[in-house]
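*Asks:* coordinates only, sequence not included:
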């Protein structure tokens, strides 16, 4: 390999986490591959964050027997939550015209959620063609979700789960732990300000595809929050429901 080629390769290597996010999103690859690319960059740029996340996932994994959260075949509990414009949205209203895709996300600040939600935005037209609705639910207040929807050009609403009440009812809330609290402070991630409370809790990343009958047809609860359901898998379930 020539020195010039080596220099070009090095110039493309992200040096900061924001650069790593841009580089991961620019890849013509699956969501899983883009998430993995960002995760690898995090390990190189901030190994302390990568280790803290590994420790957190290991702690959560000890609690999981595959039974966390509502299961396939069970009804997804009803919710009525405000969107980024203050309008109340209920699960039953989403199901009036067909199935619904409910995405639980950690927050507007989370790069893994950003990659996931932008990927879902890219297939939103196909979701609507299958007569389905899509919403994201996160604990951040509308002060933050409103700008987030606009900046990321998301064609679906983000609902605010104040004080994580809905995620708690699903059994999908965890304490981040002292080490991650410290890292978030260093990174300028202010959970207290985003959520409007003094807790340091987050929801597990999760996806529920709910039939018009209110029953869960498919789900993925991500103990390993750096992995998410592929958009293609979401579409496959919705097509099955249409057949």
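*Replies:* Everything's here; your move. If you're wondering where the values come from, they're calculated on a predicted model, not measured in any experiment. Residues are numbered from 1 along each chain as shown.

*Asks:* ranges for the strands of this protein?
*Replies:* 80-82, 88-90, 100-104, 133-138, 158-160, 173-175, 201-203, 205-210, 216-222 (DSSP state E).

*Asks:* Let me know the pLDDT of residue 7.
*Replies:* At residue 7, the pLDDT value in this model is 44.

*Asks:* Could you give the number of residues near residue 160?
*Replies:* Using other C-beta atoms under 10 Å, residue 160 is surrounded by 23 other residues. (C-beta placed from N, C-alpha, C; glycine too.)

*Asks:* what's near enough to touch it?
*Replies:* By C-beta atoms under 8 Å, 6 or more residues apart in numbering, residue 160 lies in contact with 81, 82, 83, 84, 137, 138, 139, 140, 141, 142, 145.

*Asks:* Name the residues linked to it by a beta bridge.
*Replies:* Taking DSSP bridges as the rule, residue 160 bridges to residue 138.

*Asks:* For it, give its distance to residue 204.
*Replies:* Look at residue 160 and residue 204: by C-beta to C-beta, to the nearest Å, they are 17 Å apart.

*Asks:* Worst mean pLDDT among the strands of the chain?
*Replies:* Among these, strand 173-175 scores lowest, with a mean of 90.

*Asks:* Pull out the buried positions in the helix ranked longest in the chain.
*Replies:* Ranked by residue count, the top helix of the chain under DSSP state H comes out as helix 47-63. The neighbour-count check on helix 47-63 (16 or more other C-beta atoms under 10 Å) flags 49, 50, 52, 53, 56, 57, 60 as buried.

*Asks:* Over to stretch 127-140?
*Replies:* Judged by neighbour count using 16+ other C-beta under 10 Å, the buried positions of stretch 127-140 are 127, 130, 132, 133, 134, 135, 136, 137, 138, 139, 140.

*Asks:* With stretch 227-241 instead?
*Replies:* 227, 228, 229, 230, 231, 234, 235, 237, 238, 241.

*Asks:* so what's the fifth one up against?
*Replies:* Looking back up the chat, that one is residue 231. Neighbouring residues of residue 231 by C-beta under 8 Å, 6+ apart: 31, 119, 120, 122, 123.
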